[in-house]
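> need a 3D model of the sequence below.
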Amino acid sequence: MEKKILIIEDDLIDQMAIKRLFKRKGLLYPYTVVSSIKAAKKELTEQQFNLVISDHNLADGTSIDLLDDIKNIPVILISGNEKTSTIESVINNSNTIANFTKDLDFKYLEELPGIIELALEQKVSRIHKKNNTITNNKKRILQHENVTIKLEHVFKIFDERTEDVKETIELFIYHKPREMNELYQSLNFGNCDNVIKVAHRMKSGFRVLGMKKQEDLANFIEKVVMESPEKCQCSKIVDSFKQLSTDTNIAIELLQKEIPLL
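The predicted model follows:
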């Protein structure tokens, strides 16, 4: 019987990195990629999967919303830098065989193939594996004002393959203005739930380009509004948004100039 994998990830850059990993490592298992809890539930109802690889935070919920759907399936859980009670709840109440933390260099992806092979061959029952390694090479750095872009992170992820790096940068250039506009509209209309979702979604793009200050700004907006929704329009959040918007525009200008040189 063919063994199938369900990948639940709402960030396009992370999706692309995982797909490239499967191709590069010769993982021939058929897989389905979905971007939401709703879509994941639909696929889990319609298909039988032997493994689920899931981001914890998604636009319409968290992996805890899937507990009833994945109770009999091995799970590889992937989360951001946060450590929350909901993550612990998923680990303790599901067949989570591995728990990875996203890092700047996507090193967690390099460890995925071995875990996938073990899981699908039923050679592993439960592994709690956490990684939190961040390297700091000083090469291929773009810098202007408050913005520092470390392109070596993207090159490492895609094994120096320029076309994949270009595609990642183009995704950033295309999606970040739209995400900033969505964040602005959500703040302007006091839609705090969406502020949290958009700010969380934005972190990955900054992380993959080594933009630590901007990732921290998005994380600050997400955390403050999550903890105190009444602060959705407070001065600190507004100032953080303005800085993030300015930094994003600078980053896009830097990257647009860099693409022809790659």
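> count the neighbours of the residue lying closest to residue 148 once chain neighbours are set aside for me.
Of all residues not flanking residue 148 in the chain, residue 141 sits nearest, at 6.4 Å (C-beta to C-beta, 6 or more residues apart in numbering). C-betas here are computed from N, CA, C, even on glycine. Residue neighbour count, defined by other C-beta atoms under 10 Å, stands at 12 for residue 141.
> look up how far residue 226 lies from residue 141.
Counting by C-beta to C-beta, to the nearest Å, the separation of residue 141 from residue 226 is 32 Å.
> same check, this time on residue 250
Taking C-beta to C-beta as the criterion, residue 250 is separated from residue 226 by 27 Å.
> again, but for residue 160
Counting by C-beta to C-beta, the gap from residue 160 to residue 226 is 38 Å.
> then residue 207?
Computed with C-beta to C-beta, the distance linking residue 207 and residue 226 is 18 Å.
> the two: which is more packed in?
Looking at residue 207 and residue 226 with other C-beta under 10 Å, you find the greater number of neighbours at residue 207, namely 26 against 17.
> would you list every one of the helices in the protein?
According to DSSP state H, the chain carries its helices in the segments 12-24, 37-46, 85-92, 107-120, 152-157, 162-188, 192-208, 212-227, 235-258.
> residue 15 contacts residue 7, doesn't it?
Yes. Because the distance of 7.5 Å satisfies C-beta atoms under 8 Å, residue 15 is recorded as touching residue 7.
> if I look at these two, which residues touch both of them?
Common contacts of residue 15 and residue 7 (C-beta atoms under 8 Å, 6 or more residues apart in numbering): residue 33.
> with neighbour numbers in mind, choose between the two.
When neighbours are counted by other C-beta under 10 Å, residue 15 and residue 7 differ, and residue 7 comes out ahead with 23 against 18.
> the more buried one pairs with what?
As for beta bridges, residue 7 partners with residue 33, residue 53 under DSSP bridges.
> what distance do you get for it to residue 23?
If you go by C-beta to C-beta, the gap between residue 7 and residue 23 works out to 13 Å.
> then residue 175?
Here the distance between residue 175 and residue 23 works out to 22 Å (C-beta to C-beta).
> now do residue 50
20 Å.
> same question for residue 202.
27 Å.
> okay, residue 175 and residue 23: which has more neighbours?
residue 175 (16 against 10).
> my guess is that one contacts residue 10, does it?
No. Using C-beta under 8 Å, residue 175 is not in contact with residue 10; the gap is 11.8 Å.
> wait, isn't residue 55 in contact with residue 13?
No. Counting by C-beta under 8 Å, residue 55 stays clear of residue 13, with 12.0 Å between them.
> phi first, then psi, for residue 47.
Main-chain torsions, residue 47, degrees, to the nearest 10: phi -130, psi 160.
> can you give me the neighbour number for it?
Here the count is done by other C-beta under 10 Å, and residue 47 has 11 residues near it.
> and if you look at residue 158?
A count of neighbours around residue 158, defined by other C-beta under 10 Å, yields 20.
> wait, residue 208 touches residue 157, no?
Yes. Taking C-beta under 8 Å as the definition, residue 208 is a contact partner of residue 157 at 6.9 Å.
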